[in-house]
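K.L.:
A structural model of the following input is requested.
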Amino acid sequence: MLIIAAGIGAYYNSFQGPFILDDLPYVLENPHIRHLWPIGDALLPSAKSFVEGRPIVNFSLAVNYALGGLAVWGYHVFNLAVHVLAALTLYGIVRRTLLRPGLRERFGASAEWAALAVAVLWTVHPLQTEAVTYIWQRCESLMGLFYLLSLYGFIRGAESRRSLGWFSLSVAACYLGVGTKEVMVTAPLMVLLYDRAFISGGFREAWTRHWRLYLGLASSWLWLGYLMAGFHNRDVGYGWGVTWRGYALTECPAVVQYLRLAVWPHPLIFDYGEYVPIGLLAAAPYALILAVLVTGVLFALKRHPAIGFVGAWFFVILAPTSSVVPIGGSPMAEYRMYLPLAAVVTIAVVGAVALGKRLFHKQQGVVLGCIAGGSVAVLLAFLTIQRNRDYYSALTIWQDTVDKRPDNPRALNNLGNALVQLGRRQEAMGHYEQALRIQPDYAETHNNLGNTLFRLGRTQEAIGHYEQALRINPDLAKAHNNLGNALLQSGKVQEAISHYEQALQIRPDLAEAHNGLGYALLQAGKVPEAIEQDQLALRIKPDYADGYNNLGLALAQQGRLREAMEQWEQALRVNPDLADAHYNLGLALQKRGRFPEAIDHYEQALRIQPDDAEAHCNLGLALEKLGRTQEAISHYEQALRIKPDFTQAQNARARLQASQ
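P.N.:
Residues are numbered from 1 along each chain as shown. Purely as a prediction, here's the structure:
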């Protein structure tokens, strides 16, 4: 109960945090979480999807979506539940380990309290916030839970006369972990090291006693190989311009920084930026520190296996991401310390218990230990609560990141995106331009700057940035889609269609490109094809208001006005502030002679988009039908102030003025 209370107390204020960064493609734009059946779509999404290779994470997101749609608090609750379950499992592992022969004599009396201290401190440590509060990084915490369960199942099986059930749990957890994140590849090795250190006494004895278990655990590597085949969407490996030597040098200060943050968690940074090479001299002091620590771990594994295991836990789990296999897009990330932090906390707590036994009498040591441990836990929980506040909005987390890493172009780019969402486009453009000064070949920023210019009506400048983005990265599907939008507005329908089609070749599940292609085909007079594309967009993204609006337009072109009105009504159920849907529905109601209802929708459209000349003009026509002449003239005049050469409004105003 204390562990559960600690988790809730530290993270109660994390539930309001919005979707940020990778949450956007993995959750908001992920069509593979929209339904749980057929289960294969949720468990094995297409090879070109963002969630390739991590079916268990995708399935967990699909469960979240089935239970609460895109209500963000539900995703946070799930993440916290995973974290608390992992903490409870860690408690069980530490407690049972301290009760093993060889440790029981020294720590048996304090095993429960020491395990509790480890679990609580690990739970509330602010270094964990990125793995818990950042929704997509449930892939780290969920993998961590399966990792701990795999070890816990082994421990229980080794202690039980009926080991099959527990060993089966260990293997099943290993398979689930492999389907969650690739770091799980090290779990069989850590189980073997635990067996050798605490149970069997040697590698040969461990293999002899538990070889069937190890074959089961190792077989998960075949499953991992299958899942990793054909990765497309992660900048991992040697084909990204990063050498293993360069990456290894970069990771030396990163790993030392992880250790420092475990002891002194400040400053915490959401995004450290992409790979930047450093020289041998700059890396040398950190490499020396790590060499000493690794040598100590190897020595301890031979002479003091219990201490060696804890040290190995830290380095082995970090090895897949912090050694020689480059992760160019994110060479350092705090969430990678999710499991390794347990080693640091365990060493600190067990070391403190051992020291206390030497310095104090039993009762005195217990009291002092409770006070010290409780004080540290409260302090860490307070820091975690404070850190969660940085996640309250996309603006706060990215502003915090830019303040700490002003030379990080990705942070500047995402701060710009957050400002755009708030309507602060001029400020956003400044951050985009700063990002491009630091990294001129940043395709995403060119695309985002193009979007901002497009919304400001600077279409030709926007087209230039979209084209630059595509010169840098021809496979950037969103840039093709956005360029299609800009070309379509410029009247270049066939060129727009070409870019929409290219976007869909890269990402067949991009609903916005299907929708844009549908509208372009409608402009080209290909109404049946337009309807097909609109329907595809809505199958991928059922809550897509613009998709319903465009499908309504295509149906209206075929004379199916009743069906078109149903689509516009559905668009407004999804997004009551979609001005185009209000306008289109008003126009349809006006055609049917339902003028009061049409007037209501025109007024709604103008409330949202006051400078729509067509809406003013048609509202005037509807008011004129009801005899409200002065109001009609007023709206015709407003239409002409917005669009002075608007012939229909000019004629309507002249007609009414002549009749008066």
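
K.L.:
can you count the residues close to residue 174?
P.N.:
The number of residues packed near residue 174 is 31, by other C-beta atoms under 10 Å. Every residue, glycine included, has its C-beta placed from N, CA and C.

K.L.:
in what helix or strand does it lie?
P.N.:
When elements are defined using DSSP states H and E, residue 174 is found to belong to helix 164-178.

K.L.:
in that helix, what counts as buried?
P.N.:
Within helix 164-178, the residues that qualify as buried are 166-167, 169-178, counting by 16 or more other C-beta atoms under 10 Å.

K.L.:
That one - contacts with which helices or strands?
P.N.:
With contacts defined as 3 or more C-beta pairs under 8 Å, 6 or more residues apart in numbering; DSSP states H and E, the packing partners of helix 164-178 are helix 138-159, helix 187-194, helix 203-218, helix 220-228.

K.L.:
got those as TSV, with mean pLDDT and distance to residue 456 columns?
P.N.:
Putting those into TSV (pLDDT from 0 to 100; distance: least, C-beta to C-beta, whole Å) gives the following:
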stretch	mean pLDDT	distance to residue 456
helix 138-159	97	37
helix 187-194	98	52
helix 203-218	97	57
helix 220-228	92	43
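
K.L.:
What strand or helix carries residue 638?
P.N.:
Using DSSP H and E, residue 638 sits within helix 629-642.

K.L.:
Could you measure from residue 22 over to residue 632?
P.N.:
Summarising the geometry, the distance separating residue 22 from residue 632, computed by C-beta to C-beta, to the nearest Å, is 52 Å.

K.L.:
Would you mind telling me which of the two has the busier surroundings?
P.N.:
Taking other C-beta under 10 Å, residue 22 and residue 632 do not tie; residue 632 has more neighbours (22 against 14).

K.L.:
Quick check: the more buried one touching residue 617?
P.N.:
No: checked against C-beta atoms under 8 Å, the pair residue 632 and residue 617 is beyond contact range at 9.7 Å.

K.L.:
Give me the common contacts of these two.
P.N.:
Each of residue 652 lies in contact with both residue 632 and residue 617 under the rule C-beta atoms under 8 Å, 6 or more residues apart in numbering.

K.L.:
In the helix or strand following the helix holding residue 638, which residues are buried?
P.N.:
Once the chain leaves helix 629-642, the next helix or strand it forms, by DSSP H and E, is helix 647-659. Residues 648-650, 652-653, 656 are the ones in helix 647-659 that count as buried (16+ other C-beta under 10 Å).

K.L.:
do stretch 470-484 as well
P.N.:
Neighbour counts using 16+ other C-beta under 10 Å place 470, 472, 476-484 of stretch 470-484 among the buried residues.

K.L.:
With stretch 151-166 instead?
P.N.:
Going through stretch 151-166 with 16+ other C-beta under 10 Å, the ones that come out buried are 151-158, 163, 166.

K.L.:
Pick out the most distant pair among the residues you listed.
P.N.:
When these are compared pair by pair using C-beta to C-beta, the two farthest from each other are 151 and 163, 14.5 Å apart.

K.L.:
Which parts of this protein are strands?
P.N.:
With DSSP state E, there are no strands along the chain.

K.L.:
so where's it shaky on pLDDT?
P.N.:
For the chain, residues meeting the criterion pLDDT under 70 lie at 45-51, 230-235, 237-240, 361-362, 365-366.

K.L.:
repeat that with 80
P.N.:
Low-confidence segments of the chain (pLDDT under 80): 38, 40-41, 44-52, 230-241, 360-367, 369, 660.

K.L.:
Next one: residue 22 from residue 54, what distance?
P.N.:
With the distance defined as C-beta to C-beta, residue 22 ends up 12 Å from residue 54.

K.L.:
ok, back up a step: let me have the buried residues of helix 647-659 in JSON lines, extended by distance to residue 405.
P.N.:
JSON lines is the format used below for these (distance: C-beta to C-beta, whole Å):
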{"residue": "648", "distance to residue 405": "54"}
{"residue": "649", "distance to residue 405": "53"}
{"residue": "650", "distance to residue 405": "56"}
{"residue": "652", "distance to residue 405": "57"}
{"residue": "653", "distance to residue 405": "57"}
{"residue": "656", "distance to residue 405": "62"}
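
K.L.:
Go through those residues and name the one nearest residue 392.
P.N.:
Of all the buried residues of helix 647-659, residue 392 sits closest to residue 649, with 45.9 Å by C-beta to C-beta.

K.L.:
need the contact list for the residue nearest to the closest one when sequence neighbours are not counted.
P.N.:
In space, residue 649 comes closest to residue 639 once its chain neighbours are excluded; the distance is 4.1 Å by C-beta to C-beta, 6 or more residues apart in numbering. With contact set as C-beta under 8 Å, 6+ apart, residue 639 has these partners: 613-614, 616-617, 620, 646, 649.

K.L.:
mind running it again at 10 Å?
P.N.:
Counting by C-beta atoms under 10 Å, 6 or more residues apart in numbering, residue 639 touches 611-620, 646, 648-650, 652-653.

K.L.:
swap in residue 337?
P.N.:
Residue 337 neighbours (C-beta under 10 Å, 6+ apart): 125, 127-128, 130-131, 140, 255, 257-259, 261-262, 265, 314, 317-318, 322, 343-344.

K.L.:
If we use 6 Å, what do you get?
P.N.:
The neighbourhood of residue 337, defined by C-beta atoms under 6 Å, 6 or more residues apart in numbering, consists of 127, 258.

K.L.:
Also the one 3 residues further on?
P.N.:
With contact set as C-beta under 6 Å, 6+ apart, residue 340 has these partners: 314, 317-318.

K.L.:
Now tabulate these in a markdown table and tack on distance to residue 95 and neighbour count.
P.N.:
Listed next are the contacts of residue 340 as a markdown table, based on distance: C-beta to C-beta, whole Å; neighbours: other C-beta atoms under 10 Å:
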| residue | distance to residue 95 | neighbour count |
| --- | --- | --- |
| 314 | 20 | 24 |
| 317 | 21 | 26 |
| 318 | 25 | 21 |
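
K.L.:
just to revisit the earlier point, pick out the most distant pair among the buried residues of stretch 470-484.
P.N.:
Most distant of the buried residues of stretch 470-484, by C-beta to C-beta, are 472 and 484, 17.9 Å apart.

K.L.:
those helices in the stretch 251-400 of the chain, which residues are they?
P.N.:
In the stretch 251-400 of the chain, helices defined by DSSP state H, counting those that start in this stretch lie at 280-303, 305-318, 340-359, 362-389, 394-404, listed in chain order.

K.L.:
With distance to residue 588 added, can I get these in JSON lines?
P.N.:
Converted to JSON lines, the helices of the stretch 251-400 of the chain look like this (distance: least, C-beta to C-beta, whole Å):
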{"stretch": "helix 280-303", "distance to residue 588": "67"}
{"stretch": "helix 305-318", "distance to residue 588": "61"}
{"stretch": "helix 340-359", "distance to residue 588": "60"}
{"stretch": "helix 362-389", "distance to residue 588": "47"}
{"stretch": "helix 394-404", "distance to residue 588": "37"}
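
K.L.:
circling back to that earlier point, got the contact list for the helix holding residue 174?
P.N.:
Contacts with helix 164-178, where a contact means C-beta under 6 Å, 6+ apart, come from 56, 143, 146-147, 149-150, 153-154, 156-157, 160, 184, 187, 213, 216-217, 220, 223-224.

K.L.:
just stretch 124-134 next, same as before
P.N.:
Stretch 124-134 is contacted by residues 6, 10, 14, 17, 79, 83, 137, 140-141, 261, 265, 334-335, 337-338, 341, 377, 380-381, 383-384, 387-388, 391 when judged by C-beta under 6 Å, 6+ apart.

K.L.:
from the chain's centre, how far out does stretch 297-313 sit?
P.N.:
Centroid displacement of stretch 297-313 relative to its chain, using C-alpha atoms, centre = their mean, to the nearest Å, is 36 Å.

K.L.:
Report the buried residues of that stretch.
P.N.:
Counting neighbours by 16+ other C-beta under 10 Å, stretch 297-313 gives 297, 300-301, 305-313 as buried.

K.L.:
Which single one of the residues you listed is nearest to residue 580?
P.N.:
Taking C-beta to C-beta as the measure, residue 580 lies nearest residue 313 of these, at 56.6 Å.

K.L.:
Let me know whether the closest one touches residue 341 as I believe.
P.N.:
No: applying C-beta atoms under 6 Å, one finds residue 313 not in contact with residue 341, separated by 10.1 Å.
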